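Engineer: Could you look at this predicted model? Sequence included:
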Amino acid sequence: MEALLEVKDLTVTFDLRRQHLTAVNRVSFCLSRGERLGIVGESGAGKSVTGFAILNLVSKPGRIMHGSIRFDGRELASLSEEELRTIRGSRISMIFQDPMMTLNPVLTIGTQMMETLLAHQDVSKVEARDKAIAVLRKVHIASPERRLLQYPHEFSGGMRQRIVIAIALLTGPALIIADEPTTALDVTIQAEIMDLLLRLCESEKMGLILITHDLAVVSQVTETIAVMYAGRLMEMGSTDFIIRTPQHPYTRGLLAALPQSGKGRRRLSQIPGVMPSLMNIPAGCPFSDRCSRCEAICRREVPSLLLKQSGCLAACHLLD
Amino acid sequence: MNGNPLLHVSRLVKTFDITGGFLDQLVWRHGRLRRKKTIVRAVTDVSLDIMEGETVSVVGESGCGKSTLARMVMGVYPPDSGAIHFRGERLDNLPPHRLRTYRTKMQMVFQDPYASLNPRMSVRAILEEPVRFHNKGISSNEIKDRVAQTMLQVGVDPGWMDRYPHEFSGGQRQRISIARALVVDPEFITADEPIAALDVSIQAQILNLLMDAQEQRRLTYLFISHDLSVVRHISNRVAVMYLGTLCELADTEILFHEPRHPYTKALLSAIPRLGRKGFSHMKIEGEVPTPIDLPSGCVFHTRCPHASSQCSEEIPRPILLGNGSTVACHRVADGSI
């Protein structure tokens, strides 16, 4: 089956006055139609920038240095702004952490939803309204006809995020990029929203890139996981496998640091230190400073992402 | 639990008047212009005991009143009614100068280490000020020793004493704010979401630090958090709050294994679980009502799948169950769930 999205050697740099920071460093991954991928990592790992770069939304001083992003057989990096607009928000939708970032506070939900449809599709206002109502029903908003006339501030946080999902769904996209969609929400609402998103992806055969720091949420929703650290992919493979048997020392450390249920009150295993800032990433493996198994080669050479015996891709010198 | 509690909180109530200016208060009702006050009921009738050396966590969703409760315990907000006893002495009606002795015994760690450290004070100044304030006549050398020792304990190099907060990472900053709490030798620490703003790998470091400090200094913690897996890891007992009231209070493992209150059940079922596929959380209808107009009777009855007519009329009193849990629910009380 042909891949829906193919990202190859994506490198995003931020050109500051004194130096160039590489926020995303030679990241490659593939997503087939309807596949759900989770990009996990700590803040500053480059996961959000990767998401933005797919839609060419990296703003200055950042830019895509090189790499290719093929979506549905077309190269996104070389499209003009005009052509991109036919894909952005139409074939690929994005959901952000803060729904108020997406919603305009001075327009009604209805106006915003219809505007999206009218911009991307050749429909009449009446058709757009009907479509908006149908989609609001899909995200379980009660009495959508009335809700269309309301403003974002009249909705609760969970409802706003559902409306954002509805807007993302309007044009029937093939891929949704969700950047920390539930981080600002309470657990019960998080469960509702993620459950909804998962079901919609399945029923509409949509692909999903879920960007989050929450390993548990990723494990419940996605089929593939990509672990990022200091701008690089450290490990990638099937979610079940990586959660059960992580190979890369960083992934292992992350999973071991989570409080496990029923283990009682003991010390958590911790990764020493902090993720290096992009301004001084160590030579060699970016994780070498914090890795308990670090050897001489790790400090010298950057490990490439290779297929290891486990069947997963990992960037580590010490794995076969 | 036997012995006297270190902290005894009984029937605390806190409301906030958020009525705006005179014009905002005017409403037209029954053919007349009237003034109306808008009152947020943040905490309603919460009682809680904390024993020496234990960690009690308060969990609940945003707006449930857990932070307000913590702030009342620390004397930041005066309660509207109810009482707070620390080692048997009532605190909430003490005049400020007598409260001062308790400030060294009770300390607080806040969520956001970026906001809770004064950016214009060096780490040395931040840590020395409380020691000097609470120990009149202490020599500068002694202060210096104490600060250096505390910094070592929290894992911040004392050589960085003259740096400013912005020169530290989030995790380091949270260590400094923990050091600020520890430096006056407290017996009791309230930690309000101390790790919520930190990354996963740093969260583990800070949790370990808090647990180590507790062991070394026999500290007692009141821990406020919305992260249920963290709470399960570090607490001896857990209190679940909803809309300002206490639903359930139980030993950690009992609570996680056999939650009794319908809200606790729903809340626990929504915790993301590593390695589980999809979602099988208990769905509860609707959303948390506003604390401005609390539902009558049990505050959870509007969303509870087991609600009866009694629930909408009578406020449930907390009852003690056979396993030691305290639950405020009519349906648990009458044995139907």
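Structural biologist: Yep, that arrived. Numbering: from 1, shown residues only, chains lettered A, B, ... in the order given.

Engineer: Kindly state the beta-bridge partners for B:Leu48.
Structural biologist: B:Leu48 has these beta-bridge partners by DSSP bridges: B:Val9.

Engineer: try B:Ile84
Structural biologist: Assessed by DSSP bridges, B:Ile84 has beta-bridge partners B:Val9.

Engineer: hang on, it packs against B:Asp92?
Structural biologist: Yes. Counting by Cβ atoms under 8 Å, B:Asp92 is a contact partner of B:Ile84 at 4.7 Å. C-beta coordinates here come from the backbone N, C-alpha and C atoms, glycine included.

Engineer: Between those two, which contacts overlap?
Structural biologist: The contact sets of B:Ile84 and B:Asp92 overlap at B:72, B:75 (Cβ atoms under 8 Å, 6 or more residues apart in numbering or on different chains).

Engineer: ok, these two, which is more surrounded?
Structural biologist: The neighbour comparison of B:Ile84 against B:Asp92 (other Cβ atoms under 10 Å in any protein chain shown) goes to B:Ile84, with 22 against 19.

Engineer: got the contact list for that one?
Structural biologist: With contact taken as Cβ under 8 Å, 6+ apart, B:Ile84 is in contact with B:7-10, B:12, B:72-73, B:75, B:90-92.

Engineer: hey, where'd the strands end up in the stretch 151-300 of chain B?
Structural biologist: Remark: strands assigned in the stretch 151-300 of chain B by DSSP state E, counting those that start in this stretch are B:188-192, B:220-225, B:237-242, B:245-251.

Engineer: Give me the contacts around the last one.
Structural biologist: Defining contact as Cβ under 8 Å, 6+ apart, one finds that strand B:245-251 is touched by B:44-48, B:65, B:236-241, B:255, B:259-261, B:263-264, B:299-300, B:318, B:323-329.

Engineer: buried subset of these?
Structural biologist: B:44-48, B:65, B:236-241, B:255, B:259-261, B:263-264, B:299-300, B:318, B:325-329 (16 or more other Cβ atoms under 10 Å in any protein chain shown).

Engineer: I'd assumed B:Tyr221 was in contact with B:Gln214.
Structural biologist: Yes. Between B:Gln214 and B:Tyr221 there is a contact under Cβ under 8 Å: 6.4 Å.

Engineer: Between these two, tell me which one has more neighbours.
Structural biologist: Taking other Cβ under 10 Å, B:Gln214 and B:Tyr221 do not tie; B:Tyr221 has more neighbours (24 against 18).

Engineer: tell me the pLDDT at that one?
Structural biologist: Model confidence at B:Tyr221, given as pLDDT, is 96.

Engineer: Is it bridged to anything, and to what?
Structural biologist: Beta bridges link B:Tyr221 to B:Thr55, B:Ile189, judged by DSSP bridges.

Engineer: mind listing what it touches?
Structural biologist: Contacts here follow Cβ under 8 Å, 6+ apart; on that basis B:Tyr221 touches B:54-56, B:188-191, B:210, B:214, B:234.

Engineer: Mind putting these into CSV with distance to B:Leu228 and pLDDT?
Structural biologist: Output for these, formatted as CSV (distance: Cβ to Cβ, whole Å; pLDDT from 0 to 100):
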residue, distance to B:Leu228, pLDDT
B:Glu54, 18, 94
B:Thr55, 14, 96
B:Val56, 15, 97
B:Phe188, 23, 96
B:Ile189, 21, 96
B:Thr190, 19, 96
B:Ala191, 16, 96
B:Leu210, 17, 95
B:Gln214, 20, 95
B:Ile234, 11, 92
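
Engineer: about what we covered before: out of the contacts of B:Ile84, which end up buried?
Structural biologist: B:7-9, B:12, B:72-73, B:75, B:91-92.

Engineer: So which of the residues you listed sit within helices?
Structural biologist: When those are checked against helices (DSSP state H), the matches are B:72-73.

Engineer: residues contacting A:Leu76?
Structural biologist: By Cβ under 8 Å, 6+ apart, the residues touching A:Leu76 are A:54-56, A:69-70, A:84, A:87.

Engineer: Centroid-nearest residue for chain A?
Structural biologist: In chain A, the centroid-proximal residue (Cα atoms, centre = their mean) is A:Ile211; its distance is 2.7 Å.

Engineer: does that residue count as helix, strand or coil?
Structural biologist: Three-state assignment for A:Ile211 (DSSP: H, G, I helix; E, B strand; the rest coil): strand.

Engineer: Pairing partners for it in the sheet, please.
Structural biologist: Judged by DSSP bridges, the bridge partners of A:Ile211 are A:Ile39, A:Asp179.

Engineer: my guess is it meets A:Ala45, correct?
Structural biologist: No. A:Ile211 is beyond contact range of A:Ala45, at 9.9 Å (criterion: Cβ under 8 Å).

Engineer: Could you give the number of residues near B:Leu33?
Structural biologist: Quick note: B:Leu33 (other Cβ under 10 Å) scores 8 neighbours.

Engineer: do the one 3 residues further on as well
Structural biologist: Using other Cβ under 10 Å, the number of residues around B:Lys36 comes to 11.

Engineer: Please determine how far it is located from B:Phe16.
Structural biologist: B:Lys36 sits at a distance of 16 Å from B:Phe16 (criterion: Cβ to Cβ, to the nearest Å).

Engineer: try B:Phe110
Structural biologist: B:Phe110 sits 19 Å away from B:Phe16, going by Cβ to Cβ.

Engineer: Show me which of those two is the more surrounded one.
Structural biologist: Between B:Phe110 and B:Phe16, counted using other Cβ under 10 Å, B:Phe110 has the larger neighbour count: 19 against 16.

Engineer: residues from the stretch 201-320 of chain A in reach of chain B?
Structural biologist: For the stretch 201-320 of chain A, the residues in contact with chain B (Cβ under 8 Å from any Cβ of the partner chain) are A:213-217, A:219-221, A:240, A:243-244, A:253-255, A:257-263, A:265, A:267-272, A:274-275.
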